[in-house]
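Participant: Any chance you could fold what I've pasted below:
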Amino acid sequence: MMSTNGRVKLLASEPRAHLYLSSSSESKVSFALVEMLRAKGFVVHLDDGDQMIEYQAHSQVQRSDVVVVDITGNNPYVSFELGVARGLGKPVVLISDKNYSPPKFYSSLFTLYYDAQEVAKLSDDLTFLVDKLLPVAA
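Facilitator: Have a look, this model is predicted:
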């Protein structure tokens with residue numbers, strides 16, 4: 001990445017950033033979001049389901065620049081992956097369906113609420129946040 005007047009400029013051969021998306025495996029929003037983020041130049045890592053969750057979460061989170069966690073539905077695996085990300089000191093962005101009321105223990109963390117019918121807006125909002133979270137190479 002290169003910086004031009006405080007804005008991120010990407011070189012053609014490098015990804016924008018590596019993201020790990022932690023969400024319910026059945027989420028239609030997640031499938032659409034992954035495609036949109038990949039189209040914007042992000043490398044998006046997902047749970048491949050082939051390894052034990054402890055190893056999977058640690059290795060996927062460790063190689064990611066930012067972890068995006070969809071807390072909609074209060075999935076225990078998603079909560080575990082959030083804990084791994086925070087333990088490794090990774091920047092985390094929580095997302096949640098606007099019609100879902102997350103448990104109180106998430107209230108101290110910034111959460112980006114989305115409308116399931118407006119995944120493109122969620123993709124744009126996440127792109128903005130991720131660009132702000134990552135250091136810009138000189």
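
Participant: nearest residue to Leu122 other than its sequence neighbours?
Facilitator: Distances taken as CB to CB, 6 or more residues apart in numbering put Tyr114 closest to Leu122, at 4.1 Å, once the chain neighbours are dropped. Where you see a C-beta, it was placed from the backbone N, CA and C, and this is true even at glycine.

Participant: Could I get the contacting residues of the one you found?
Facilitator: For Tyr114, the set of contacting residues under the criterion of CB atoms under 8 Å, 6 or more residues apart in numbering consists of Val29, Ile95, Ser96, Asp97, Lys98, Lys121, Leu122, Asp125.

Participant: How about residues contacting the one helix or strand Val93 maps to?
Facilitator: Assigned by DSSP states H and E, Val93 falls within strand 92-97. Taking contacts as CB under 8 Å, 6+ apart, the residues outside strand 92-97 that touch it are 29, 66-72, 82, 85-86, 102, 106, 109-116, 122, 126, 129-130, 133.

Participant: Okay, and the residue nearest the centre of the chain sits in which element?
Facilitator: Compute the mean C-alpha point of the chain, and by CA atoms, centre = their mean the closest residue is Val68, 2.0 Å away. In this structure, Val68 is located in strand 66-70 according to DSSP H and E.
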